[in-house]
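Q: predicted model and sequence follow; I will ask about them next.
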Amino acid sequence: MDTADTPLLDLGSFDFTPDWAKKDAKVTVGKDAARAASEPESRPARDARKPFDRRGDRPFARDARKPFDKRGGEARRFGDRPRFERPKPLDVEVKILPETKALGTIIRKLQGDSHAFKLKDLAYFFLDNPSSVLLRITPKKGADGAPAAEAAFHQCKACGFASTRPEDVTEHILAAHLGDYYEAKEIEVEPPKGNFSCVAKCGLSGVLLGPPNVHEFAATVKEMIRTRYPDMSEADYRSRLVMVRDAEAIEEWRKSATKKTVYIQKGAGEGAAQLTRDQAEAAFRRTILPSMLDQPKTLMITADVAMKSPVRPLQWAAKDALEAERRAPYNMCFALRGAFHHRKLKFFRANDARGPEFVTNTEYKAFDAEHAIPELAKVARFIAENPCQPKAVIAPDAETEKYLAWLVSTGHVVAFTNGVYSPVEKFPKYGPQWQKKLGVAGATGEGTKATEGTEGTVAAGEAPKMEEPVQAAEPPKEEPPKVEETGKAEEPPKVEEAPKVEEEPKAVVEEEVKQEEVKQDESAAQLAE
């Protein structure tokens, strides 16, 4: 058969599948067929026995054989962003103590007051004021018995500033304490002469610094960094300078340059040398700085100064110690207890042996109501029956308030700082639970009604007003007609006049006694004869 007469043979086969769908076709999307045919396969065929992993199709997929690190590792391929890493903490022991001056102020307050202060409240008073907390930081010793090198401290003797780097303390002393020894003065000088083509201008503040070719320019830049931008480096600050070539700006700088700051040593007297900033710092470094530096083995520093240190581990050590102490102020309470004992202050616990601890300057003693005036006795009795009551309930007037103040000052009543009063006991009552148990609110309510009903007879300063409810409650028991029935009921007591029946035995006894006396007299007369 002639192939020319059979045009259907030119089709090759009856497979109408497109080329890109055939298995043996080297056609890929986005590439021409010739290039796809020339390139070898980039990866082998997937094993059908293994589950399909979609992450293999992603160009940045993590290698499953490597562990995933949440803080970085394989996941940081996307951006390689730097992560924050907290430096290694200081290997030190931190102990919380009260600051000496603040402790003296609190002790003087307690010695001049008759109230009872809760010890834990005093501890929190110190902890809430970092300047009143003293940290005792001791480096831990290593295996060789020597402290770690990174825990060696350098400290300023003047203010307590500390760091693990000596250069930090040196810069601090020059910035903070140079003015303690040198006095800065502004003097008038002649304006600078010469022709200047430009002046440098601060791009942050707009201050004209002067031409860069003037020898005072470097000192001016350092002064700007020290006073206005202490966190910037000199290179960074110089990159913010702008050169101005305006004649008006140059003339403005020339007029402002007629004042100059010089430094004179304090106490040097008249005729002392006028120094520039650099000269004063050089003299300070030679003569004064060595005596202000200290390298203590145990660092004593207040919490507020420690948290301002440029050493981050030292800041975190102070913050962690304060947070732990605020949760449970055991160390501060222990230190305060010893200091108060040394000053002869008294301690007691309220409610029971495990109740809150209080400190006071008053020596408590029981009140003898039998040998006291009625007014004091009534106030003391009311407090004994109704503990933990405020002054408004106990002393509603000025005169009763005087009696209450006398009882508190003499130690016969416990006055707490929250404004309530309790009687003197081994464990004085403290807390609102005692008011609920005794029902004091109802007693005071009846007392107020009684006083309102006797407006004409109420006198200011009468303590018995508090006891009027008790006296008013007693008469109703005697008011019932039982009192009238007592006339009939009292007749049996007349029958009880048993002594009349007993008169005969008494008479017999008396006669017998007389007879015995007569016999004794007769026997005595016979003996006399």
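A: Happy to help now that I have it.

Q: ok, residues contacting stretch 192-210?
A: With contacts defined as C-beta atoms under 8 Å, 6 or more residues apart in numbering, stretch 192-210 is touched by 211-214, 216-217, 220-221, 224, 228-229, 240-245, 249-250, 252-254, 256-257. For glycine as for every other residue, the C-beta is placed from the backbone atoms N, C-alpha and C.

Q: again, only this time at 7 Å
A: Stretch 192-210 is contacted by residues 211-212, 214, 216-217, 220-221, 224, 228, 240-245, 249-250, 252-254, 256-257 when judged by C-beta atoms under 7 Å, 6 or more residues apart in numbering.

Q: which ones among those are found in strands?
A: 241-244 (DSSP state E).

Q: would you format those as JSON lines with neighbour count and pLDDT included?
A: Formatted as JSON lines, the entries for the ones in strands among the contacts of stretch 192-210 read as follows, by neighbours: other C-beta atoms under 10 Å; pLDDT from 0 to 100:
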{"residue": "Leu241", "neighbour count": "16", "pLDDT": "92"}
{"residue": "Val242", "neighbour count": "11", "pLDDT": "91"}
{"residue": "Met243", "neighbour count": "11", "pLDDT": "92"}
{"residue": "Val244", "neighbour count": "16", "pLDDT": "91"}
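
Q: now, which of those residues sits nearest Ile264?
A: Closest approach between those and Ile264, by C-beta to C-beta: Leu241, at 30.7 Å.

Q: which residues does the closest one bridge with?
A: With DSSP bridges as the criterion, Leu241 is bridged to Cys202.

Q: give the contact list for it.
A: Per C-beta under 7 Å, 6+ apart, neighbours of Leu241: 200-203.

Q: quick check: ChimeraX command selecting the buried ones in the residues you listed.
A: With 16 or more other C-beta atoms under 10 Å as the criterion, this ChimeraX line picks the buried residues out of the contacts of Leu241:
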select :200,201,202
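
Q: any chance of the contacts of Leu241 in CSV, with distance to Ala372 and pLDDT too?
A: Formatted as CSV, the contacts of Leu241 follow (distance: C-beta to C-beta, whole Å; pLDDT from 0 to 100):
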residue, distance to Ala372, pLDDT
Ala200, 87, 91
Lys201, 85, 91
Cys202, 80, 91
Gly203, 83, 89
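
Q: which parts of the stretch 201-350 of the chain are strands?
A: Ranges of strands within the stretch 201-350 of the chain are 208-210, 241-244, 259-265, 293-294, 299-302, 346-349, based on DSSP state E, counting those that start in this stretch.

Q: output the ones you listed in TSV; the columns should cover distance to Ile96.
A: Below are the strands of the stretch 201-350 of the chain laid out as TSV (distance: least, C-beta to C-beta, whole Å):
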stretch	distance to Ile96
strand 208-210	48
strand 241-244	48
strand 259-265	41
strand 293-294	22
strand 299-302	11
strand 346-349	20
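
Q: and the contacts of Leu241, which two are furthest apart?
A: That would be Ala200 and Gly203, which, of those, are the farthest apart (C-beta to C-beta) at 9.6 Å.

Q: drop anything exposed from the contacts of stretch 192-210.
A: Judged by 16+ other C-beta under 10 Å, buried ones among the contacts of stretch 192-210: 211, 214, 220-221, 224, 241, 244, 250, 253-254, 257.

Q: now, which of the residues you listed lie within helices?
A: 220-221, 224, 250, 253-254 (DSSP state H).

Q: out of these, which is nearest to Pro356?
A: Met224 (56.6 Å).

Q: do you know which of the strands of the stretch 201-350 of the chain lies nearest Ala273?
A: Of those, nearest to Ala273 by C-beta to C-beta is strand 259-265, at 7.4 Å.

Q: go ahead and name everything in contact with that closest one.
A: With C-beta under 7 Å, 6+ apart, strand 259-265 has contacts from 181-189, 272, 274-277, 280.

Q: for these, which one is nearest Ala175?
A: Checking these one by one against Ala175 (C-beta to C-beta), the nearest turns out to be Arg277, at 11.4 Å.
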